[in-house]
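*Asks:* what follows is a protein structure lacking sequence information:
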């Protein structure tokens, strides 16, 4: 399914390095080790994904998660990175609402199933068995999105210093957040329509004072998806004139 | 002025590593080297800034640049990273207009000086000497912004697949871009008002088809500015309720 290298589980992240160090200690000469240093550094970077170029390249939109809990220290590290994004006039308008309560996550999912079921034509109600089949289909479609142990609602505060500039600041922090999560081996996906703004605000009782940028599940991916097909780099660059 | 470590110039980026390798080759035993590997890896990451956590921490808004040219390979690498940002329905709506022509950069600056001079009350024109003093002040204020060898106008295409979603996609790519630039030792600043949209579009003849996200100068900073004062991390996080 996936051609993207799956990062090592967190606890074994430094295993290749440890193994290498043991080999080195036995092997002996300084020259031997000096020749191998480059490969070791690259290997280490690939395993823990702290190499920014690897993170850019391997960050994916993930839609199916393992149930493994995310340590609070990792969440803080990710949010600390997110809030280091550029911000207009240093206003830092962000709030990160972190949801780990399974009851709340289930409520979000239920509200979404309801919404999609409600989209059938009320003048032509479906027969009971068709309705059931439709609900199953909807539940299957949404299941992956609601399989994560953590949800982060990225918000901006309308009472910030320059609220008219928050439409830039918000996604900037989101971009940082998804990269930081990837660096620690977690998947995310920038969700807008699949879990609509109105439902998020209602179910999670978010005051009008806040504008939602997006909501993202966060957790260890079941698998890292393949890279979607992309346009060639040259299509994006205009040298001097457009 | 600056407490942020200034990255090594590009050509000498791996110098500490090379020096270390030479020391290693002379020094001899494998065990000695194994004990030093950790420190070396960290040093190497700090020097070339490819460690993502270092990049998050040391990315700054830079407003004064050295005239050093930026190799095209570096620009391509930065833009390649930028276009790997999350994008709605894989639409990839971005265009990066790269300006290196000094004539165009000077025209942008002149148009901005004009704009700011024009803001004085036309009913009460300033005496000639005051006007001159005002112009000097304006030029000094803007000079840093226009000292970079490269400007990148980040645009989204209104004819993309889902243009209503580009207001997220645009800043997401900008966030990636400023990090990638920092990783290669370049400063950027997400500029909106200082070089207004209308002036950018007029001077650079950008068709209405494109929406500007921002314009950023890009170059080697004269110095990396200090971190602006930031709110504590806890102010940004809401656990379960807001």
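*Replies:* Arrived safely, thanks for sending. Keep in mind it's a predicted model, so treat the numbers as computed, not measured.
*Asks:* got the phi/psi numbers for the residue of chain A found nearest chain B?
*Replies:* Among all residues of chain A, residue A:175 sits closest to chain B, at 3.2 Å; criterion: C-beta to the nearest C-beta. Quick note: C-beta positions are derived from backbone N, CA and C, even for glycine. Main-chain torsions, residue A:175, degrees, to the nearest 10: phi -60, psi -40.
*Asks:* near chain B, anything from stretch A:225-239?
*Replies:* Yes. Remark: stretch A:225-239 sits within contact range of chain B at A:228, A:229, A:230, A:231, A:233, A:236, A:237, A:238, A:239, by C-beta under 8 Å from any C-beta of the partner chain.
*Asks:* quick check: chain neighbours aside, which residue is closest to the second one?
*Replies:* Closest residue in space to residue A:229, ignoring its immediate chain neighbours: residue B:90 at 7.6 Å, by C-beta to C-beta, 6 or more residues apart in numbering or on different chains.
*Asks:* helices and strands around the longest strand along chain A, which ones?
*Replies:* If you go by DSSP state E, chain A has its longest strand at strand A:210-219. Taking 3 or more C-beta pairs under 8 Å, 6 or more residues apart in numbering or on different chains; DSSP states H and E as contact, the helices and strands that strand A:210-219 lies on are strand A:150-157, helix A:166-183, strand A:187-188, helix A:197-203.
*Asks:* could the ones you listed go into JSON lines alongside mean neighbour count and distance to residue B:216?
*Replies:* Output for the helices and strands packed on strand A:210-219, formatted as JSON lines (neighbours: other C-beta atoms under 10 Å in any protein chain shown; distance: least, C-beta to C-beta, whole Å):
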{"stretch": "strand A:150-157", "mean neighbour count": "24", "distance to residue B:216": "21"}
{"stretch": "helix A:166-183", "mean neighbour count": "26", "distance to residue B:216": "12"}
{"stretch": "strand A:187-188", "mean neighbour count": "27", "distance to residue B:216": "25"}
{"stretch": "helix A:197-203", "mean neighbour count": "16", "distance to residue B:216": "29"}
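*Asks:* residue A:82: which of the ones you listed is closest?
*Replies:* helix A:166-183 (3.9 Å; C-beta to C-beta).
*Asks:* run the angle between that closest one and helix B:166-183 for me.
*Replies:* 60 degrees (axes from the mean of the first three to the mean of the last three C-alpha atoms, to 10 degrees).
*Asks:* quick one: average pLDDT of helix A:166-183?
*Replies:* Mean pLDDT, helix A:166-183: 98.
*Asks:* residue A:88 against residue A:172, yeah?
*Replies:* No. Using C-beta atoms under 8 Å, residue A:88 is not in contact with residue A:172, being 9.4 Å away.
*Asks:* need the residues touching each of those two.
*Replies:* residue B:190 (C-beta atoms under 8 Å, 6 or more residues apart in numbering or on different chains).
*Asks:* in what helix or strand does the nearest residue to residue A:202 once chain neighbours are set aside lie?
*Replies:* Distance criterion C-beta to C-beta, 6+ apart; nearest residue to residue A:202, sequence neighbours excluded, is residue A:111 at 7.2 Å. Using DSSP states H and E, residue A:111 falls within helix A:102-117.
*Asks:* run through who's touching that helix.
*Replies:* A:99, A:131, A:134-135, A:138-139, A:142, A:145-146, A:148, A:151, A:194-196, A:199-200, A:202-204, B:240.
*Asks:* kindly state the beta-bridge partners for the residue most central in space within chain A.
*Replies:* Geometric centre of chain A, nearest residue: residue A:188, 1.5 Å, by C-alpha atoms, centre = their mean. Counting by DSSP bridges, residue A:188 is bridged to residue A:61, residue A:218.
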